[in-house]
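S.K.: Structure for the following, please:
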Amino acid sequence: MRKAKVYLIGAGPGDWELISVKGLKRLRQADVILYDFLASKDLLWFAKKGAEIICVGKKDGLHLLEQRQINKLLYQKAAENKIIARLKGGDPFVFSRGIEEALYLKRKGIDFEVIPGVTSAFAAAESFGIPLTKRKEFSSVAVLTGRKSGGGPIDAPACDTLVYLMAVGNINNVVNAVLRSGMAKNTPCAFIEQGTTDRQRITVGTLADIAYKARKYAVRPPAVFIVGEIIKYGEKIYGHEFKDR
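M.R.: Numbering: from 1, shown residues only. Got it, this is the predicted structure:
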């Protein structure tokens, strides 16, 4: 007799082909698929015939279902002895509430497995040739949130490269935090929107003018904000994309 199981699958940064082979296999086997707005909808073409597909609609600032409702839905479908694919944008455990879902399933005694995904924190930068680290020059990188629940202060640790997710709506506070940490106003930085997709766009500037440019070019989520001299390598490779931005 088949046993119910929940797969927490990282869908990757936007390009559907960046999901893992394992994640795609489990997606095709699922009786029920719960997906977020940030997971590529192209992946839903791989659902098996008759699979139940439910959008739980989580992205920056917009939730169709609250987290407790998603948890309960996972439990209900598992109680029906079904195989469930919980498809989450990026990686299930990187600035995601996948850990809360895993803990809930553990408490409920539901079998589950976490299938890692490619996070946009790294993939978006690489889609414009920005390496984040480089031997002998830039040896440290930090991935941070650009907006904390409850409005807490933004972190800006001493690293060569800083990568912020969810920073668009809070860019002034992010820039101020980075400047207070000691980085110079002329430090290069960049917003990358919709990284790895055919809609991707980069807006480059310095800490002194990136907030102005974000407004000028109407930068919108989902976007990754990168700070550091490492950005110059992206310009060497994808300079034509950086033009006028």
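
S.K.: ok, which stretches of this protein are strands?
M.R.: Counting by DSSP state E, the chain has strands at residues 5-10, 32-35, 52-55, 58-59, 62-63, 83-88, 112-115, 141-145, 161-165, 188-193, 201-206, 223-227.

S.K.: partners of the first one, with directions?
M.R.: Using DSSP bridges, the strands paired with strand 5-10 in its sheet are strand 83-88 (parallel), strand 112-115 (parallel).

S.K.: where does this structure dip in pLDDT?
M.R.: Under the criterion of pLDDT under 70, the regions of the chain flagged as low confidence span 1-2, 58-63, 243-245.

S.K.: let's go with 80 and repeat that
M.R.: When the per-residue scores of the chain are filtered using pLDDT under 80, the ranges that remain are 1-2, 57-64, 239-245.

S.K.: Show me where it has its helices.
M.R.: Across the chain, reading from the start of the chain, the helices by DSSP state H fall at 21-29, 67-79, 98-108, 120-126, 171-180, 210-216, 231-242.

S.K.: Now render those helices as a markdown table, adding distance to Ala39 and mean neighbour count.
M.R.: Where you see a C-beta, it was placed from the backbone N, CA and C, and this is true even at glycine. A markdown table is the format used below for the helices of the chain (distance: least, Cβ to Cβ, whole Å; neighbours: other Cβ atoms under 10 Å):
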| stretch | distance to Ala39 | mean neighbour count |
| --- | --- | --- |
| helix 21-29 | 10 | 16 |
| helix 67-79 | 13 | 17 |
| helix 98-108 | 12 | 16 |
| helix 120-126 | 12 | 23 |
| helix 171-180 | 25 | 19 |
| helix 210-216 | 25 | 17 |
| helix 231-242 | 25 | 15 |
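
S.K.: Those helices into TSV, with extra columns for distance to Pro13?
M.R.: Below are the helices of the chain laid out as TSV (distance: least, Cβ to Cβ, whole Å):
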stretch	distance to Pro13
helix 21-29	13
helix 67-79	21
helix 98-108	15
helix 120-126	4
helix 171-180	20
helix 210-216	20
helix 231-242	16
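
S.K.: To Glu235, which of the strands paired with strand 5-10 lies closest?
M.R.: Closest approach to Glu235 among these is made by strand 83-88 (32.2 Å; Cβ to Cβ).

S.K.: any residues touching that closest one, and which ones?
M.R.: 2, 4-11, 26-27, 29-36, 38-39, 43, 74, 77-78, 92, 96, 98, 101, 117 (Cβ atoms under 8 Å, 6 or more residues apart in numbering).

S.K.: Now do the contacts for the residue nearest to Gly195 when sequence neighbours are not counted.
M.R.: The shortest distance from Gly195 to any residue that is not its chain neighbour, by Cβ to Cβ, 6 or more residues apart in numbering, is 2.7 Å, and that residue is Ala124. The contact partners of Ala124, taken as Cβ under 8 Å, 6+ apart, are Pro13, Ile192, Gly195, Thr196, Gln200, Ala223, Val224.
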